[in-house]
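Colleague: next input, structure requested:
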Amino acid sequence: MADTLTVTDNRTGKIYEIPISDGAIKATDLKQIRTADPDDTGLLTYDPAFMNTAACRSRITYIDGDKGILLYRGYPIEQLAEHSTYLETAYLILNGELPSAAALKEWEHRITMHTMVHENIKKFMEGFTYDAHPMGVFVSTVAAMSTFYRDGKQIFDTERRQLQILRLIAKTPTIAAYAYRHSIGRPYVYPDNDLSFTGNFLNMLFKMTETKYVPNEKLARALDILFILHADHEQNCSTSTMRGIGSSHVDPYSALAGAAAALYGPLHGGANEAVLRMLAEIGSVANIPGFIKRVKAGDGRLMGFGHRVYKSYDPRAKIIKRTAYEVFEVTGKNPLLDIALELERIALEDEYFVSRKLYPNVDFYSGLIYQAMRFPVEMFAVLFAIARTVGWVAQWEEMLLDQEQKIFRPRQLYTGAATRDYVPMANR
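Modeller: I've put the predicted structure just below:
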């Protein structure tokens, strides 16, 4: 049987055979379906929020939402979180294969050599008011980097493109740390190239007067795992924004600033902050039954449960839950943990939530970890952006090298007024 879709246009009686490839039809193949009206340009698909439209082919990340599967380049997220580091995973996402020991050492060295930022970037960041939101500072500073690295516009020069990718992965933690230090009125801390990727990040965040900052290994590893889990997640809002802006062939700093701005929104990168607010509002385990009752009645939302893609337990949530206990061994237990555990237990047993496939997602426990590690909630989206940088640049590069891609230009269904004449002011 041929892989085709037979379409009968009941307006005209015509029958069309549309090829099916990789479980999809090309939207442009529908343009041939038209009426006799000379103004009819062909059939369109209407898909608000792209609920069922594939805008690209990608080899990077695979998700099976029904089975709770997340793969980077074919490798299960569980195995990467257990055995890999963020920089090794970043290499995998960008290059398609895990590195050899020598390749990983070289990759880590190249990243380390680009952690410093231009001194004028520091001066730029100092111009923000003391109460500027760290994510707003981060977005603005990444955009400003395009004026410091003007070779970033040479996106089809392979060597220069790889240099910008190195710079972005290496410098986003520095910018994030500077944004945090600025928000609390402390001097910026320069990168320490003797430390690991996450160890150095903790150094830039929390170093005080000590000559040499020594990061806690468990906390550095927990942050590594969290970064791995957030490194890429298919065609989400911010990744689609990265591809969309990048399709104009702008430099990657401008495109990544746009992606980070999309992440800034409360429906995307702000979800774990909403979970913490919810847990704080519940207040105690004793108040959970009443809260559940209100949610069922439509008075409030169960934050951190359910996902646009996952219709079972988010695989990242299971890993983060285990990681939380390891963090709490160092920091002490977050007082909101008991509320979170009981809320999860009840929700997973309650038919109301189970029937709606509302399982914990990655945001349910990540905020508890960040809070226990002394990150203010304003930093949560910034942490997300550091981790997602590698996914953004990998998707951006894949888009640039894809011969099928053009500048993004979605169609619309016009529902406004028909042609009409201008009305003079006196006659309105």
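Colleague: OK, contacts around Met278?
Modeller: Residues in contact with Met278 (CB atoms under 8 Å, 6 or more residues apart in numbering) are Arg301, Leu302, Met303, Gly304. For glycine as for every other residue, the C-beta is placed from the backbone atoms N, C-alpha and C.
Colleague: now it, what's its secondary structure?
Modeller: Following DSSP: H, G, I helix; E, B strand; the rest coil, the label given to Met278 is helix.
Colleague: swap in Ala324?
Modeller: Once three-state DSSP is applied, Ala324 turns out helix.
Colleague: next SSE downstream of the longest helix along the chain?
Modeller: In the chain, assigned by DSSP state H, the helix with the most residues is helix 158-183. Counting by DSSP states H and E, the next helix or strand C-terminal to helix 158-183 is helix 197-206.
Colleague: and that following helix, average pLDDT?
Modeller: What helix 197-206 shows for mean pLDDT is 97.
Colleague: buried ones in that helix?
Modeller: Phe197, Thr198, Gly199, Asn200, Phe201, Leu202, Asn203, Met204, Leu205, Phe206 (16 or more other CB atoms under 10 Å).
Colleague: secondary structure element holding Gly290?
Modeller: Applying DSSP H and E, one finds Gly290 within helix 288-296.
Colleague: okay, buried residues for that helix please.
Modeller: For helix 288-296, burial by neighbour count (16+ other CB under 10 Å) applies to Ile288, Phe291, Ile292, Val295.
Colleague: which helices and strands sit right next to that helix?
Modeller: Contact here means 3 or more CB pairs under 8 Å, 6 or more residues apart in numbering; DSSP states H and E; on that basis helix 288-296 packs against helix 337-349.
Colleague: so what does the helix it packs on touch, helix or strand wise?
Modeller: Applying 3+ CB pairs under 8 Å, 6+ apart, one finds that helix 337-349 contacts helix 271-282, helix 288-296, helix 363-372.
Colleague: kindly reformat these as a markdown table containing distance to Ala102 and mean pLDDT.
Modeller: Listed next are the helices and strands packed on helix 337-349 as a markdown table, based on distance: least, CB to CB, whole Å; pLDDT from 0 to 100:
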| stretch | distance to Ala102 | mean pLDDT |
| --- | --- | --- |
| helix 271-282 | 37 | 88 |
| helix 288-296 | 53 | 92 |
| helix 363-372 | 33 | 88 |
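Colleague: and the angle from the longest helix of the chain to helix 197-206?
Modeller: 30 degrees (axes from the mean of the first three to the mean of the last three CA atoms, to 10 degrees).
Colleague: what is the mean pLDDT for helix 158-183?
Modeller: The average pLDDT for helix 158-183 rounds to 97.
Colleague: for it, packing partners?
Modeller: helix 101-112, helix 119-126, helix 134-148, helix 197-206, helix 252-264, helix 380-400.
Colleague: reformat the ones you listed as JSON lines; add distance to Gly65.
Modeller: Below are those laid out as JSON lines (distance: least, CB to CB, whole Å):
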{"stretch": "helix 101-112", "distance to Gly65": "31"}
{"stretch": "helix 119-126", "distance to Gly65": "39"}
{"stretch": "helix 134-148", "distance to Gly65": "28"}
{"stretch": "helix 197-206", "distance to Gly65": "29"}
{"stretch": "helix 252-264", "distance to Gly65": "21"}
{"stretch": "helix 380-400", "distance to Gly65": "18"}
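Colleague: tell me which of the ones you listed lies nearest to Tyr422.
Modeller: Proximity to Tyr422 (CB to CB) singles out helix 252-264 among the helices and strands packed on helix 158-183, at 36.2 Å.
Colleague: show me the contacts for the residue nearest to Thr8 when sequence neighbours are not counted.
Modeller: Among residues not flanking Thr8 along the chain, Ile15 sits closest, at 5.2 Å (CB to CB, 6 or more residues apart in numbering). For Ile15, the contact set (CB under 8 Å, 6+ apart) comprises Thr6, Val7, Thr8, Asp9.
Colleague: many thanks, I have nothing further to ask.
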